[in-house]
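Colleague: curious how this folds, go ahead:
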Amino acid sequence: KERMSFSEDQLQKDINLIRNILKTNGFYFADIKSSFVKNDDLNSVQIKLEIERGDKAKIKKIVFIGDKKIKDKKLLEVIASEEHKFWKFVSNKVFLNQSIIDLDMRLLENYYKNLGYYKAKINNSFAEFDEKGFFKLVFNIDAGDQYFFNDLKLNLPDDYDMADFKKLNKIFIDLKNEKFSIDDLNSILKEIDKIASERLYDFIDAKVDEKIVQGNKLDFVFNIE
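Modeller: Coordinates of the predicted model:
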């Protein structure tokens, strides 16, 4: 910033920040040069940054490795990033972008968890560069085993009427032995919130306790406060 103390360490941090911003937007080949002119009379420096962004890094291939259990073709439909194909309209999704890759990892994890893979993890992602200027984007997946809903229970405060929440009992019965799904959990929480609003229960808060039983089944307790 103007009028702040000059530090070469701070200048290098700024250059690194700019380089990271450029990488986040797909400019992996950017070149940043810095120079400064010192004014002894004013005891100041004038900083100059020259930035050559270069071409954006394109994704040539997207690969899924590890214990993925699902075909690559389906996983490609889940994520936002896309492979660059010369016959396709070029969108921003074919450029290597860290924020989109982070989104891809969240999308993949949620996708697996909605298919019953309760412990699914996207261990990491990385990009491999080839000599032709393209990247291969790799996602390392650990799907684990499928889990199923077992017993679901609702705990209410003493001054709440269980009859107001009877709709949840049917939901709990219908979900038993079904594949675990994070969307189903969220639907239960939304239903609790909906009932609370309709019945004028103020300041309701639902906390979920979960427990693995019988190897691959899950008990859930919804504690209402």
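
Colleague: I'd say residue 125 and residue 105 touch.
Modeller: Yes. Residue 125 is within contact range of residue 105, at 6.1 Å (criterion: CB atoms under 8 Å). Where you see a C-beta, it was placed from the backbone N, CA and C, and this is true even at glycine.

Colleague: looking at the two, which is more packed in?
Modeller: Using other CB atoms under 10 Å, the more surrounded residue of residue 125 and residue 105 is residue 125, with 20 against 17.

Colleague: how far away is that one from residue 171?
Modeller: 36 Å (CB to CB, to the nearest Å).

Colleague: could you do residue 143 as well?
Modeller: Taken as CB to CB, the span from residue 143 to residue 171 is 26 Å.

Colleague: can you tell me the SS state at the residue of the chain most remote from its centre?
Modeller: Each residue of the chain has a distance to the centre, and by CA atoms, centre = their mean the biggest one is for residue 41: 52.2 Å. At residue 41 the chain is in coil, as set by DSSP: H, G, I helix; E, B strand; the rest coil.

Colleague: how confident was the prediction at it?
Modeller: Residue 41 carries a pLDDT score of 92 in this model.

Colleague: how about residue 140?
Modeller: Looking at residue 140, its pLDDT stands at 95.

Colleague: now do the contacts for it.
Modeller: 65-66, 122-126 (CB atoms under 8 Å, 6 or more residues apart in numbering).
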